[in-house]
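# Build me a model:
(one chain, ligands or ions: 1)
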Amino acid sequence: MSEETLSNLLKEERRFEPPAEIAADANLKAEAYDRAKADREGFWAEQAERLDWAQKWDRVLDWDDPPFAKWFVGGKLNAAYNCVDRHVEAGRGDKVALHWVGEPEGDSRDITYAQLQDEVSQAANALTELGVATGDRVAIYLPMIPEAVVTMLACARIGAPHTVVFGGFSSEALASRLVDCQAKVIVTSDGGYRRGSAAALKPAVDEAREKAAAHGHTVDKVLVVRRTGQDVAWDEAVDVWWHDVVDAASTEHTPEAFDAEHPLYVMYTSGTTGKPKGILHTTGGYLVGTSYTHWAVFDLKPDTDVYWCSADIGWVTGHSYMVYGPLANGATQVMYEGTPDSPERGRWWKIIQDYKVTIFYTAPTAIRSFMKQGREIPDRFDMSSLRILGSVGEPINPEAYVWYRHVIGGDRTPVVDTWWQTETGAIMISPLPGVTAGKPGSAMTAIPGVSAEVVDNDGKAVPNGSGGYLVLTEPWPSMLRTIWGDDERFKDTYWSRFREHGFYFAGDGAKKDEDGDIWVLGRVDDVMNVSGHRLSTTEIESALVSHPKVAEAAVVGAKDEDTGQAVCAFVILREEAGDGGEDIVSELRTHVRKEIGPIATPRQIMIVPELPKTRSGKIMRRLLKDVAEHREVGDVTTLADSSVMDLISKGLSSPT
Ligand code: WTA
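Predicted coordinates:
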């Protein structure tokens, strides 16, 4: 990799020291790094004490048959008991667990830990009555309503692994997951509220059930929550209403303690190609990892903080940082059903103001879209309660980081840029808010207990100032245990690239700056090679976004006869920039050249009204690459809005 290229992102020289009051009272202090390094297993055993174990483990880690790990061997616990009952038993039953906010204004509900205990117990009893036994899989296809959390915990309580399928996924995607994990029961609703109207969910379930049947898999029962009241087709033999069976069930339920390695859930990753991978997480290690990281990285003070993670429950972030981590820690949190622009663009900021949210966790794609709308919107709200901001899902451009800290966080709040994956279960690389002087755009260092490295092709650690592949060099408690039903694919996908070293290969490229801090560059397939120089899409995107007229940018490497690959950029302008003026393209090319260097100058810049994104907000560069390489645009079925590609193609008919 070219040293010149590598040094460019590292020109970022802004630093944000931790605020004195957070540093003074931080949950995790700097000494934890050394303590964890000196005795990693001992450190994790200490973290495991955060939970209530029905039976303590005899061995912290069994790594005798890598890459198949067992953590807290011999230990027994119940995840739902740890997330709910134990807080009630400790006298905190009246504490609010969820401030649930529906999309229609005024439609909200506060649920205490004691109420949650009753509802989870009822749902556990109802699922058992419907024939769900320990080990059976339950699919959950629900909007962001309290029943989604209740169902996940009810499954955990009876030891039935859940698989949550994002409510925005098609019946096709749902069917393939039902078949892959052989789900016995589906929990869904008539619909949910999105952008001011009721969007149906049940018809997709009906279709998915038929499609699964065509593949020889029968779903026994569908449990339906009434949310919107819209009409639904009803199959008497299969469909049952939540309010009939759950509300009628007993609130008494004794949780059984399961083995630490009992499967907790399967989460399918949004893989761009091929069959989705069912990532398996188990009970003890996962709960240790999520509760520890939620406490350490967000510096959670359960008695005073109000925490809000804006992720949907259909993604791993919703699992680890809306359900298991925060609830295991007895946090009070906000859960919001709808979209950020309903009924108006300030809805998120109004929620922060109304509930006095102190910790807020969201994704760079959301931050960039708010930047595009301008600061006047958030400026209308009082967000002085905020003390820590988090980011997850993709590299955060330094400009977006600084805007987030400045406009949303009033320049007080540390921003924790958290790197992790569905597979890692919990945050692996992140600043600690009371310890780290944050650099905008850098996830900084592996948190205490985690060992990350940036290595070259041969698995050798690269020197500071260089780039390579991001790997995790030691097992960690919340690691995926396998791909559901496919041990071979598990070994091939994650452990074969650096087999001799025993490293977990995350699939991301990264670089270490002169201080050894880590800058995640994105998936290695997003890294391009121009004239033998390796360039990061993210790096160029960040340069473009730092231009005052640019709201959002996506960069791809397109085949080029001269240079191997060439940089092609798709750019959305800020509203106030209008059409950008007639010299906008050359202005932006000059800007990138100035920011990064001539090698990064885009061959082509296309001003577009929208970018193609998956429903989880990831830009689908594969489709943009098709446009840039003048191919027919490929499969668009995983796009959140499939008309976007038409808009882009139309906008491109004029030459740039
Ligand atoms: C990317 C989401 C840079 C990365 C929790 C990873 C990030 C993939 C960051 C996992 C970050 C996530 N900085 N890149 N802070 N967080 N990523 O499985 O490419 O949906 O491999 O998990 O998102 O996405 P996943």
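
# OK, contacts around the closest residue to Glu632 other than its chain neighbours?
Computed as CB to CB, 6 or more residues apart in numbering, the closest residue to Glu632 that is not its neighbour in sequence is Asp626, at 6.9 Å. Using the backbone N, CA and C atoms, a C-beta is placed for each residue, glycine as well. By CB atoms under 8 Å, 6 or more residues apart in numbering, Asp626 lies in contact with Glu632, Val633, Gly634.

# Nearest to the ligand, out of the residues you listed: which one, please.
In terms of CB to the nearest ligand atom, no member of the contacts of Asp626 lies closer to the ligand than Gly634, at 20.6 Å.

# got the contact list for that closest one?
Arg622, Leu623, Asp626.

# Run a quick neighbour tally on the second one.
Think Leu623. Neighbourhood size, Leu623 [other CB atoms under 10 Å]: 25.

# Using PDB, write out the CA atom coordinates for the one helix or strand it maps to.
For Leu623, the host element (DSSP states H and E) is helix 621-628. Extracted in PDB, the C-alpha atoms of helix 621-628 (Å, rounded to 0.1, in the frame of the first residue of the first chain):
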ATOM      1  CA  ARG A 621     -21.600   0.000  -4.000                       C
ATOM      2  CA  ARG A 622     -21.900  -3.100  -6.200                       C
ATOM      3  CA  LEU A 623     -24.800  -1.300  -8.000                       C
ATOM      4  CA  LEU A 624     -23.000   1.900  -8.400                       C
ATOM      5  CA  LYS A 625     -20.100   0.000  -9.800                       C
ATOM      6  CA  ASP A 626     -22.500  -1.400 -12.400                       C
ATOM      7  CA  VAL A 627     -23.400   2.100 -13.400                       C
ATOM      8  CA  ALA A 628     -19.800   3.300 -13.400                       C
END
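
# Which SSE is immediately downstream of it?
Using DSSP H and E, the helix or strand that follows helix 621-628 in sequence is helix 644-651.

# Give the next helix or strand downstream of the strand or helix carrying Lys594.
Using DSSP H and E, Lys594 maps to helix 584-595. Heading C-terminal from helix 584-595, the first helix or strand you meet, by DSSP H and E, is strand 604-607.

# Which of the contacts of Gly634 sits closest to the ligand?
Closest approach between those and the ligand, by CB to the nearest ligand atom: Arg622, at 14.5 Å.

# can you list contacts of stretch 91-111?
By CB under 8 Å, 6+ apart, stretch 91-111 touches 84, 87, 112-117, 119, 145-146, 149, 193-194, 196, 306, 327, 330-339, 342-343, 351, 355.

# Tell me the buried residues in it?
Residues of stretch 91-111 classed as buried by neighbour count (16 or more other CB atoms under 10 Å): 92-93, 95-103, 108, 111.

# Find the residue closest to Ala328 in space, skipping its chain neighbours.
In space, and not counting its chain neighbours, Ala328 is closest to Ser291: 3.9 Å by CB to CB, 6+ apart.

# and that neighbour, that one's in a helix?
Yes - assessed with DSSP: H, G, I helix; E, B strand; the rest coil, Ser291 lies in a helix.

# Now that we're looking at it, what pLDDT does it have?
Per-residue pLDDT puts Ser291 at 98.

# Assess the claim that it and Asp52 are in contact.
No - with contact defined as CB atoms under 8 Å, Ser291 does not reach Asp52; the gap is 11.1 Å.

# Between these two, tell me which one has more neighbours.
Just comparing Ser291 and Asp52: by other CB under 10 Å the higher neighbour count belongs to Ser291, 28 against 15.

# Report the contact partners of the more buried one.
Gln47, Arg50, Leu51, Tyr324, Gly325, Ala328, Asn329.

# didn't the fifth one look like it was pressed against Thr293?
Yes - using CB under 8 Å, Gly325 makes contact with Thr293 at a distance of 6.6 Å.

# which neighbours do these two share?
Residues within reach of Gly325 and of Thr293 at once, by CB under 8 Å, 6+ apart, are Ala426.

# Report the distance from the helix holding Lys594 to the chain centre.
From the chain centre to the centre of helix 584-595 is a distance of 33 Å (CA atoms, centre = their mean, to the nearest Å).

# got the phi/psi numbers for Ala510?
Main-chain torsions, Ala510, degrees, to the nearest 10: phi -150, psi 160.

# right, I mislabeled it, should have said Leu287
phi -70, psi -30.

# From the ligand, how far out is it?
Going from Leu287 to the ligand by CB to the nearest ligand atom, to the nearest Å gives 17 Å.

# list the contacts for that residue?
Here Leu287 is in contact with Leu51, Leu77, Ala79, Asn82, Leu264, Tyr324, Ala328 (CB under 8 Å, 6+ apart).

# Could you report the separation of it from Arg40?
Using CB to CB, to the nearest Å, we find Leu287 at a distance of 18 Å from Arg40.

# Ok, Arg621 next?
As judged by CB to CB, Arg621 and Arg40 stand 37 Å apart.

# Over to His630?
Going from His630 to Arg40 by CB to CB gives 51 Å.

# Likewise for Glu172?
In terms of CB to CB, Glu172 sits 43 Å off from Arg40.

# Looking at the contacts of stretch 91-111, which are in helices?
Taking DSSP state H, the ones among the contacts of stretch 91-111 that sit in helices are His87, Tyr113, Ala114, Gln115, Leu116, Gln117, Glu119, Pro146, Val149, Leu327, Ile351, Tyr355.

# Taking these together, which two end up most distant?
With distances taken as CB to CB, the most widely separated pair in the ones in helices among the contacts of stretch 91-111 is Gln117 and Ile351, at 25.4 Å.

# So which of the two has more stuff around it?
Set Gln117 next to Ile351 and count neighbours by other CB under 10 Å: Gln117 wins out with 24 against 20.
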